[in-house]
Each structure stands twice: as C-alpha cells, then as structure tokens.
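> predicted coordinates and the sequence they were generated for:
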Amino acid sequence: MDTVKDILALLFFPAGLAVIFGGLAYEWIDRKLVAQLQNRIGPRWFQPAADIVKLLAKEEVLPEGVDQWLFHSLPIIALAGVLTAGLYVPLFGLAPAHSFAGDLIVTIYLLSMLTLCTGLAGANTNDHFSLIGATRTLTQLFSYEAPFLLTLLGPAIVAGSWQISEINAYAGSHWMILTQPIGFIVSMIGLMGKLELPPFDAPEAETEIVAGAMTEYSGRGWALFRLGKNVELLIGLTLIAAFYLGGLDNPLTFLLKTLVLLLTVAGLQALFARLRIDQTVGLWWRVGALLVLVQLLVTIVLKGVLT
Amino acid sequence: MENEKREKFIVPIGPQHPALKEPGHFEFTVDGETVTGATVRLGYVHRGIEKATEDRNWTQNLYLLERICGICSHSHAMAYSLGVEKLAGVAVPPRAQAIRQVTAELERIHSHLLWLGVAAHEAGFDTLFMFSWRDRETIMDILEELTGNRVNYSVNVLGGVKIDIDTERADSIRKGMDFLEERTTHYLKVVTSDETFLRRTRGVGFTTTEQAETLGLVGPTARAANVARDVRVDVPYITYADFPITITLDTRGDLEARFVVRIKELFECYRVIRLILDKLPAGELTTRMPRKIKEGETVSRIEAPRGELFYFIKSGGGEKPERVKVRTPSINNFALVTGTAVGHQLADMPMILAGMDPCFSCNDR
Amino acid sequence: MKLRFASMFGDMFRSLFKKPVTEMYPFKKTSAPPRLRGELMYNPEKCTGCQLCVKDCPSNAIELITVDKANKHFVMRYHLDRCTFCAQCVENCRFECLGMSNEQWELAALNKESFTVHYGREEDLQKLLGKPLP
Ligand code: SF4
Ligand code: SF4
C-alpha cells in the first residue's frame, strides 16, 4: 500500500503532475503580473501550457557536433531533479510527501541541478552563443549559490534542524522575515538569480546571446527545460514562504504567501535594467554574500547567548 | 589551425539576431567577455531603390523614396522634394513649408521615442521600453489623424503638401505635446538617475570630440560628443530659419550622453511645434510643378532624426531623374561601433549599437 | 543629480490599478480617423478620362478602361494589392472623382481575385465584365 501511495505522490500529487501544473500556473501569474505592471495585457491563462504542448509536439533538432546522449538526457535530468525536490517541500501547504533529517541539503542540491544541466547543455554544443551562455550560467551559479544556501541555513540554524518539515513547523510560530530580514531579501534575489529572471538574465540575455545556453534546444528538450524552470519557481517560492513567512500549514496560506512573494518577484523583474554578468558577480560577492554571512554570525551568536 | 580558432572566438550578431530588428552583420571577437575586435558587414536589405528611381517619373519617385525607411519616411520624401523643387526653381508656399516642418518634428519625436524604447530593451530594461512605447502611441495617433497613416505619411507632393492643419487638429497636437512633455521629463529623470540603468550607459561607448570628428559621426550621436553639427541650425531649410531650433549638445560622449541629447531634443521639438502651430503662415498649400524638370543637378541636405540626410539629384531635362543618390546618416555612424567596441564587455555591444540608432534599411536602400 | 534605484516604480505602481492600454483589436474595433487612407473609391459620374491619376500612380495600381469615349463612360480597374495608399491619384484628379475610404481598411483576403476591384457605372461594368476583358 505504501508503495502505491509513494508512486501516486511521485507521479500525481503533490509532486509530479500537480507541481507541473502549479508551475505553469505560476509562470502565467508571473507573466501576467509583469504585464500588468507594464500597463499591458499579458498572455491568456493557457498560454504557458499551450507553449509546452506545442513544443512537445515539435521536432527536436539535433545540432551537429554535440554529444547526443548528453543532449537528450540533460533536460530529463534537469526536470527530474526539480520534480524530486518537490517531494521534500511543503507544496500546496501540505506536509511534504517525503521527509528525513537533512532533506534541506538534498533539496538545495536538487534545485541546483537545473542550472547545472543548463550550463552543461550549453557547453555541450558548438554554438558560440550557447558557449557564452553556459559560461555565464555557471558563473552566475557560483555567485548566487553560496549566499542562497546561507539564507536557507539561517532559519535552519534557528530551528535547530535540517529537516524542511521541522523548520516549517518551527516557522509557524516565528516570522523569520522579521528576525532575519537580510536573509529574506537575499533569498528572494537568489531565487531570481537561480531562475535567471530579469535583472539577472545575463545568461540568456536575448539581445546579446539569443537564448544563451538554450540556443540550440528546440522541441522536447526545450519544453522540458522550461517546465523545469516553472517547477523550480514554484518550489523556490514554497521554500522561502515556508522558511521566512511564518510557515505553510494549509493550502490557503500557501496560496496567499507564495502569491505575495510572486508579486514581489514580478515587481523586481520589472523594476531594473539587466545587470551585466560582471556586475551580477560583484553584487553577489561584495554585497549579498557578506550581508548574509554577517547575519548568519549574528544568528549563531544570539542563539548561543539565548540558549 | 586549431590554435588560431581558439584565439578567435567570434560572436556574430546578425543578420538574424534578436538585438537587431533589421539585418546587418557584426562580428565581435571576444576574449572571455571582453571584446577584442569588431567588424561590420552591410547590404542585406539592398533593394536597388536608387536605380529604380531612374525608371519612374518625378512624382512616382517621391513615394518610392519615402519607402526607403519606415521611421524617417517624411525626411526622405522631404529631402527629395526640396531637391527637385530647387532644380525646378519652384518656390513652395510658406504654409506648406511650415507644415513640412511640423511633420518633420513630429516624426523626430516618434523616432526618438522609438529609439528610447529599443535602447532600453537592449539594456534589458523592458519596463522603460513598454512605457516609452505606450507614450509613443500618442504621437502615432497624432500623425495618423493628421496625415492619414501611421508610417508613410505621404505629406509631401512636389511643390507643396497634401494636408492642412486646422484648429481642431492643432489643438489635438498641442494636447499630445503637453502629455508627452510631462512624460519626457520623467524619462529624462529615469535615464539620468536610475542606478541599474546608469551602470549600463555611463562611460560606455565613449568617444572624445576629436574622435567623433575623425569618425565623421552625425546627428545626435555626434552632438552627444559635443560636435555642433545639425543641418537645421547650420543651413536652415524650409522654415527652420523662422522657427529656429537650439542645438542640443552634451560634452560627455558616452551612451548616457546619447540618451540625454535625444531626450532633450524632444523638448526642442515640442517647443518648436507649438511655436509653429501658433504662428502658422496663411496661404496656399501647393504650387504648380512642371512635369519636366530642367536639366541640372543639385544636392539637398536635411536633418533626419538620425543625422544628416543627403540627396544628390541630377536631371536630364526629362520626366524622370537621371540619377538620385542618397546618403543616409547611419553609414557615418557605423564607424562608432567598430571604433569603440574594443575593450568593452560583450554585453555592452547591443547597447553601443543601439546607441547610434542604426537604420539598416536606410543605409542599404 | 541623485542616484536612485527603481525610478520606474511610480509608473509600475499606478499601472497595477489601471486598465492595460493594449488595444483589443480585432475583438474590439476602434474607428479610424477621417483622413485615414484606406481603399481607393472612384466616382464615375464626373470622370473626364484625363488619365492624370494613372500617370502618376507610383505602383501602377489603377487602369482606366474606356467604354464609351464620346459619352465619357469609363471603368476603373483598381489593383488593391499593388496600391501603396499614397493618395497621389486623389491629389491629381481635378474633378474630385477619387477619394480614399477611412472605413474600408481591413483589406486582407484569402484569394487573389478579390484584390482586383472594378469601379464604374452599373451598365458599363455589365458590358465590360460580361464579355472577355481587353
Ligand atoms: S493611392 Fe497611390 S498607389 Fe494607390 S492607386 Fe492611388 S496613386 Fe496609385
Ligand atoms: S484624374 Fe480624375 S478625371 Fe482624370 S481619369 Fe483619373 S479619375 Fe478620371
């Protein structure tokens, strides 16, 4: 019986299909919000899903000189990574499908898989746009990854656990956005860096390098990467809401909190001009990482003093 | 061989590339993210328009030449009409001239606002792009209402203009100018003070005044490097002597200066349009034009939104021109890209390119 | 000059509560300004057959077919797909037979034939189109 339940959880709910549709819905809301902020109308509700369906039905062009095996498997690995991560987070405000001590670390690494795969996919092709895109993707990965990790460690340290469900439960009575505001801001920006949303979209800056690492992808592969990104958006928002915004314990709070976060993300997307990759790296290491480190130290010291 | 390939990592931009809405080909040699060389190749949209003029009569050419460019169409038609009228020795009535000037300035507003949006988009600042284009719609509506079309206005005929500006239309233009003036003030503030945007523009694509002179830059790009070069001021044509323009200069010579110069020119446009509307000379709209133009040759120069537009027209005394040669501002300004690219980041290239406001259609004809 | 972040914030915030400016064409149609240059319209009653309009058309979009020269009966064959909507013909006609519609401007069609339009008196059209065209 348990196995059946596991399979159901993996394929349909809360991970699997449910996350995919959730991700598509969130992509639509994000695009719609950005459009509204720019005083235009934005896509209709089925647009992201229609895009995916269209892409899945299309021919996948295999460029010359790529490692075929890698080219086909990378999108699958990327999507599988983020979908697996969906098992460990309190999606839709429900208890995670799976939970064990230390699942936070696993989730963080699973979330990085997408970026890593994107980078590899770009490096796999001979295309100059892809190569530059891949370099930029990986550069950006190295710059935001550490601060982002640290921002998730902050709540973990306070809660005294590495288990997402426990931190979530702890956060239910502690709004950590108040005690660790820097962590919250940096984690939001980190998520945007992870998803390569503007203004951190240098790795796929269309006016410079077309679609960056994804330039050579079409059809199925590209659809899977896009799905991966949508799911990651949903999971990232869930994580931040669970950790910083007082935890998630039912679907209503989930919706409310993640949508508020999404509005913030959309606002930030629309507000800034794209940062050059050197500016992004500078921002993260000179400002982001330092601030989070300071806050982490303060948290640890305070915790030590208080207990 | 392998080694050479390694050394030369070339990033092509164009002829099909999201950064360019028209076909042109740029090759940037990069070392990591730093550009070490740049070349440009043009001519993808050559349509043989200059040659085609020789098969059409003087009037037909007006519309052919108007279609060289979709943004500065009035400039082309006007430069051509001015040349032909000069050849024929016809004096255009002052009211027609003033209406030509109004249209030219309206077109400049539309072109500069369009450019502002495009340049913002190249910088990844899509919000500015969307808003500036939303406001540009005001000017498009004005032009549509005034001339009957949004793009090829077809205002000129040889010997005058087709359209008149009545009080009702003058009022709607004034209203549009008021709205745009307020918005432009806001945009000026945005491009000179937004931190993330300034990081992409300040000090980028810098030229000194001497360099700008050597490269032969024209238009706002030159004026941003403190080169006082504006045909409207240097040799006023049509009614630019009666309704003069003050030249807009900036000493800094970088991308930010190019933004500032173009936006400040907008204020000049608003002012001059209002002035003309208040003192629109009365009189006829057209004069008679002979079908055959007497033998001779002439040049006519005007200030298009992108800089000096130059027409050479030669008549053999017949119904058709013997030769029409067009030199557009973009060809001068392309030197800016190849001249200043080296040492910049790859990410700056679209910005530098957009900064000169290239028009490939004009350029290739 | 003070440096600021987020200088477009005001605009964005306001548009959050505003209706998008996107025009919903073709679901909602707006009327075109009176001067809009749409399809060419020809009034055969006053035409003298001077051919001035045909001469200066930059794209050879109009032909004037003489049906009855003495009684000034003409049919105009107008090639919509060639017309550049420049209004030079309207400008040239001294008898105000020509005009450009500001209502007929959605001119797309699925077949090529519908781009050739004939204007003229009823009986002339009958006569001309009944028998093979010259
Ligand atoms: S509008 Fe211009 S192109 Fe069309 S028929 Fe008249 S003259 Fe010819
Ligand atoms: S110019 Fe006018 S009168 Fe002359 S042929 Fe054309 S429509 Fe008829």
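That came through, no problem. Given the structure is predicted, the values throughout are model-derived calculations rather than measurements. Numbering: from 1, shown residues only, chains lettered A, B, ... in the order given. Ligands and ions are numbered 1, 2, ... in the order given.
> quick check, pLDDT for B:Leu180.
On the pLDDT scale, B:Leu180 is placed at 90.
> which helix or strand contains it?
Here B:Leu180 sits within helix B:167-193, counting by DSSP states H and E.
> tell me how far stretch A:218-237 lies from the chain's centre.
10 Å (Cα atoms, centre = their mean, to the nearest Å).
> tell me if it is near chain B.
No: Stretch A:218-237 stays clear of chain B (Cβ under 8 Å from any Cβ of the partner chain), getting no nearer than 15.5 Å. From N, CA and C alone the C-beta is placed, and that goes for glycine too.
> averaged pLDDT, that stretch. What do you get?
Per-residue scores along stretch A:218-237 average to 87.
> next one: stretch A:85-101
On average, stretch A:85-101 scores 75.
> buried ones in it, by neighbour count?
By neighbour count with 16 or more other Cβ atoms under 10 Å in any protein chain shown, stretch A:85-101 contains the buried residues A:85-93, A:96-99.
> for the residue nearest the centre of chain C, give me its contacts.
Closest to where the C-alpha atoms of chain C average out (Cα atoms, centre = their mean) is C:Glu39, at 1.9 Å. Contact analysis of C:Glu39 by Cβ atoms under 8 Å, 6 or more residues apart in numbering or on different chains lists C:Leu80, C:Met100, C:Ser101, C:Gln104, C:Trp105, C:Leu107, C:Val117.
> out of the residues you listed, who's near chain A?
Answer for these near chain A: none qualify (Cβ under 8 Å from any Cβ).
> show me those that map onto strands.
C:Met100, C:Val117 (DSSP state E).
> dihedrals phi and psi, the closest residue to B:Thr208 other than its chain neighbours?
Nearest in space to B:Thr208, with sequence neighbours left out and distances taken as Cβ to Cβ, 6 or more residues apart in numbering or on different chains, is B:Gly253 at 6.1 Å. Per-residue torsions, B:Gly253: phi 70, psi 10 (degrees, to the nearest 10).
> give me the pLDDT value at B:Gly253.
The model's pLDDT for B:Gly253 equals 83.
> isn't it up against B:Arg223?
No: shown here, B:Gly253 and B:Arg223 do not form a contact pair, counting by Cβ atoms under 8 Å, at 10.0 Å.
> sorry, back to before: quick check, nearest of the buried residues of stretch A:85-101 to A:Leu227?
Using Cβ to Cβ, A:Gly86 comes nearest to A:Leu227 of those, at 11.9 Å.
> thought A:Val231 was touching that closest one, still the case?
Yes: A:Gly86 is within contact range of A:Val231, at 6.6 Å (criterion: Cβ under 8 Å).
> overlap in contacts of these two?
A:Val19.
> which residues in the stretch 101-250 of chain B form strands?
Remark: strands assigned in the stretch 101-250 of chain B by DSSP state E, counting those that start in this stretch are B:156-157, B:160-161.
> scratch that, the stretch 151-300 of chain A is what I was asking about
Under DSSP E, counting those that start in this stretch, the stretch 151-300 of chain A gives no strands.
> closest residue of it to ligand 2?
A:Thr207 (49.2 Å; Cβ to the nearest ligand atom).
> number of residues surrounding that residue?
22 (other Cβ atoms under 10 Å in any protein chain shown).
> and it, how close does it get to B:Ala228?
Noted for A:Thr207: a distance of 32 Å to B:Ala228, by Cβ to Cβ, to the nearest Å.
> repeat for A:Trp284
44 Å.
> the two - which one has more neighbours?
Neighbours were counted for A:Trp284 and for B:Ala228 using other Cβ under 10 Å; A:Trp284 has more, 25 against 12.
> isn't that one right up against A:Pro147?
Yes: assessed by Cβ under 8 Å, A:Trp284 is found in contact with A:Pro147 at 5.9 Å.
> re earlier: ok, and which of the contacts of C:Glu39 reach ligand 2?
Among those, not one lies near ligand 2 by Cβ under 6 Å from any ligand atom.
> show me which of the contacts of C:Glu39 is closest to B:Leu116.
The closest of those, once distances to B:Leu116 are taken by Cβ to Cβ, is C:Trp105, at 29.0 Å.
> residue contacts, the closest residue to the closest one other than its chain neighbours?
Here the nearest residue to C:Trp105 in space, its sequence neighbours aside, is C:Gly38; by Cβ to Cβ, 6+ apart that works out to 3.6 Å. With contact set as Cβ under 8 Å, 6+ apart, C:Gly38 has these partners: C:Ala32, C:Phe85, C:Met100, C:Ser101, C:Asn102, C:Glu103, C:Gln104, C:Trp105, C:Leu107.
> if we use 10 Å, what do you get?
B:148-149, C:32, C:85, C:99-107 (Cβ atoms under 10 Å, 6 or more residues apart in numbering or on different chains).
> now the two most distant members of these.
C:Gly99 and C:Glu106 (17.9 Å).
> is stretch A:142-155 in proximity to chain B?
No: judged by Cβ under 10 Å from any Cβ of the partner chain, stretch A:142-155 makes no contact with chain B; its nearest approach is 14.0 Å.
> list the buried residues in that stretch.
So for stretch A:142-155, counting by 16+ other Cβ under 10 Å, buried means A:143-155.
> any idea of the mean pLDDT for it?
82.
> again with stretch B:320-329
88.
> mind listing what's buried along that stretch?
B:Lys320, B:Pro321, B:Val324, B:Val326, B:Arg327, B:Thr328, B:Pro329.
> can I get that stretch in PDB, CA atoms only?
Only the C-alpha atoms of stretch B:320-329 are listed here, as PDB (Å, rounded to 0.1, in the frame of the first residue of the first chain):
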ATOM      1  CA  LYS B 320      12.500  61.200 -65.000                       C
ATOM      2  CA  PRO B 321      15.600  61.800 -63.000                       C
ATOM      3  CA  GLU B 322      18.900  60.800 -64.400                       C
ATOM      4  CA  ARG B 323      20.400  59.900 -61.100                       C
ATOM      5  CA  VAL B 324      19.400  60.100 -57.400                       C
ATOM      6  CA  LYS B 325      22.000  59.400 -54.800                       C
ATOM      7  CA  VAL B 326      21.100  59.000 -51.200                       C
ATOM      8  CA  ARG B 327      23.500  59.100 -48.300                       C
ATOM      9  CA  THR B 328      22.000  58.300 -45.000                       C
ATOM     10  CA  PRO B 329      23.200  59.100 -41.600                       C
END
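> quick one: is that stretch near chain C?
No: against chain C, stretch B:320-329 shows no contacts by Cβ under 10 Å from any Cβ, the least distance being 12.4 Å.
> that stretch: how far from the chain's middle?
18 Å.
> before we move on, what about stretch B:297-308?
11 Å.
> mind listing what's buried in that stretch?
B:Thr298, B:Ser300, B:Arg301, B:Ile302, B:Glu303, B:Ala304, B:Pro305, B:Arg306, B:Gly307, B:Glu308.
> in a markdown table: these, plus secondary structure.
Listed next are the buried residues of stretch B:297-308 as a markdown table, based on DSSP: H, G, I helix; E, B strand; the rest coil:
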| residue | secondary structure |
| --- | --- |
| B:Thr298 | strand |
| B:Ser300 | strand |
| B:Arg301 | strand |
| B:Ile302 | strand |
| B:Glu303 | strand |
| B:Ala304 | strand |
| B:Pro305 | coil |
| B:Arg306 | coil |
| B:Gly307 | strand |
| B:Glu308 | strand |
